[in-house]
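Peer 1: Everything below, folded, please.
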Amino acid sequence: MTQQSGDGFGPDLADVFGPAHSDGGPELVQLLTPEGERVHHPEFDLDFSAEELRGFYRDMVLTRRLDVEATALQRHGELGIWAQLLGQEAAQIGAGRALRPQDHVFPTYREHGVAWCRGIDPLQLLGLFRGVDHGSWDPEERHFGLYTIVIGAQCLHAVGYAMGMQRDGDVGTGDPGRDAAVLAHFGDGASSQGDVNESFIFAASYNAPVVFFCQNNQWAISEPIERQSRIPLYQRALGFGFPGIRVDGNDVLATYAVTRAALQRARDGQGPTFVEAYTYRMGAHTTTDDPTRYRLSDDVERWKLRDPIARVEVYLKRNGLVDEAFLEAVADEADQLGATLREGCKALPDPAPLSMFEHVYAEMTEELAAQRDGFAEYLSTFEGERA
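Peer 2: Residues are numbered from 1 along each chain as shown. You can find the predicted model right below:
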């Protein structure tokens, strides 16, 4: 995969900025149209191999199946709640595949596709929403933080971690195996939070190697983006002193290219970037939400025509890069994943009651130990109760 032109963050930033439009605007970086036509961009054009394109397709299909199965499991009472990503697969897979192994990700609670790219077992995600663990993967081993429910808090964590990378000498060395960056995910609703804006200030002030990746799915639960910002979100970055860019979040190729360039800029020591992935939440905010109460079905139908998976499939077929055997194999793999998730979710063990004391602090405090012992004594009054 080779980049055809500059990194897109030179002095001519005005070339990629422009007035906002309902379809994303002329400033939208796009490499694959909703009709599956390959187009080119002067700053972010890349050559993709057939294998890479097929990989993007497979990732998105399997991520969507994870989302569909998890939603069904919640409806059957197996999960307490589920945060859907339907329609946002390209934004997540494009960003996730742009990462290097040493980069670190700080997610919200919807980054199932990025988790997939980082090798997180989907059953570990289901365990969170089933309420049987707090996240059973090692954030340092996977370079993928735990899901964050407090809206926007992860952006401050991301900037602090990025500043630590600077002080450890892991930025701007010129060694591609060492230089690292941080990718912080949040939504358009979170962009209104104080924590997010504070993180922008710190990142700009300390030139932190962080990419702020905003999935603008246009709805902060039931609040439309028009009531949150008077300007396109990516343009806010200029007020903090670093570049921002808007990409077609339903275009996995463009999302990959833009995120790749932004992460490299951060690794090189050139500081933060704001990437706004302009997409649409085709499902509900979570399984407790009823989007029919606040948005028009016509809007949903219009965005279905921009489906991120369909456009890649059309391109692959039109250019003879896949055959029916490949498509059937991916579909079969999705079916196998679905069966694994259904069976595995129901088999997830409930945690031992006393285990909740194990991860409060790195070292057990006297007060916490006293609470644990008191709770253990209480449990002992119930015959057969597990400690």
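Peer 1: The nearest residue to His285 once chain neighbours are set aside and Thr288, how far apart?
Peer 2: Nearest residue to His285, sequence neighbours excluded (CB to CB, 6 or more residues apart in numbering): Ile221, at 4.7 Å. C-beta coordinates here come from the backbone N, C-alpha and C atoms, glycine included. Distance from Ile221 to Thr288, counting by CB to CB, to the nearest Å: 10 Å.
Peer 1: Isn't Glu333 up against Arg58?
Peer 2: Yes: between Glu333 and Arg58 there is a contact under CB atoms under 8 Å: 7.4 Å.
Peer 1: So which of the two has more stuff around it?
Peer 2: Remark: of Glu333 and Arg58, Arg58 carries more neighbours, 17 against 14, as counted by other CB atoms under 10 Å.
Peer 1: Please spell out which residues along the helix or strand containing the more buried one are buried.
Peer 2: Here Arg58, judged by DSSP states H and E, is contained in helix 50-75. For helix 50-75, a neighbour-count test (16 or more other CB atoms under 10 Å) marks 53-54, 56-74 as buried.
Peer 1: Stretch 127-143 too?
Peer 2: Gly127, Leu128, Phe129, Arg130, Asp133, Gly135, Trp137, Arg142, His143.
Peer 1: Hmm, which of those residues is lowest in pLDDT?
Peer 2: Of all the buried residues of stretch 127-143, the one the model is least sure of by pLDDT is Gly135, with 86.
Peer 1: if I read this right, that residue contacts Leu128, doesn't it?
Peer 2: Yes: the criterion here is CB under 8 Å, and Gly135 meets it with Leu128 at 5.8 Å.
Peer 1: Overlap of the contact sets of the two?
Peer 2: Contact criterion CB atoms under 8 Å, 6 or more residues apart in numbering; residues bridging Gly135 and Leu128 by contacting each: Tyr147.
Peer 1: pLDDT of stretch 109-122, averaged?
Peer 2: Per-residue scores along stretch 109-122 average to 97.
Peer 1: now the strands for the stretch 51-200 of the chain?
Peer 2: 104-106, 182-187 (DSSP state E, counting those that start in this stretch).
Peer 1: Check the stretch 251-387 of the chain too.
Peer 2: 273-278.
Peer 1: so where's it shaky on pLDDT?
Peer 2: 384-387 (pLDDT under 70).
Peer 1: Okay, and Val211 sits in which element?
Peer 2: Secondary-structure assignment from DSSP H and E places Val211 in strand 210-216.
Peer 1: Could I get the contacting residues of the most centrally placed residue in the chain?
Peer 2: Nearest to the geometric centre of the chain sits Glu111, at 3.7 Å (CA atoms, centre = their mean). Counting by CB under 8 Å, 6+ apart, Glu111 touches Leu85, Gln92, Val105, Tyr147, His185.
Peer 1: need these in JSON lines with neighbour count, pLDDT and distance to Leu379, can you?
Peer 2: Converted to JSON lines, the contacts of Glu111 look like this (neighbours: other CB atoms under 10 Å; pLDDT from 0 to 100; distance: CB to CB, whole Å):
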{"residue": "Leu85", "neighbour count": "25", "pLDDT": "95", "distance to Leu379": "38"}
{"residue": "Gln92", "neighbour count": "31", "pLDDT": "98", "distance to Leu379": "41"}
{"residue": "Val105", "neighbour count": "25", "pLDDT": "98", "distance to Leu379": "37"}
{"residue": "Tyr147", "neighbour count": "20", "pLDDT": "97", "distance to Leu379": "28"}
{"residue": "His185", "neighbour count": "28", "pLDDT": "98", "distance to Leu379": "38"}
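Peer 1: with those residues in mind, which one is nearest to Asp179?
Peer 2: Val105 (16.2 Å; CB to CB).
Peer 1: Name the nearest residue to Ser199, sequence neighbours excluded.
Peer 2: Cys155 (3.8 Å).
Peer 1: quick one: stretch 89-106 to chain centroid distance?
Peer 2: Offset of stretch 89-106 from its chain centre (CA atoms, centre = their mean, to the nearest Å): 7 Å.
Peer 1: what's the first-to-last distance across that stretch?
Peer 2: Its start and end residues considered, stretch 89-106 measures 17 Å (CA to CA, to the nearest Å).
Peer 1: how far away is the nearest residue in space to Leu341 that is not next to it in sequence from Trp82?
Peer 2: The shortest distance from Leu341 to any residue other than its chain neighbours is 4.6 Å, reached at Glu69 (CB to CB, 6+ apart). As defined by CB to CB, Glu69 lies at a distance of 10 Å from Trp82.
Peer 1: ok, now Pro232?
Peer 2: Taken as CB to CB, the span from Pro232 to Trp82 is 30 Å.
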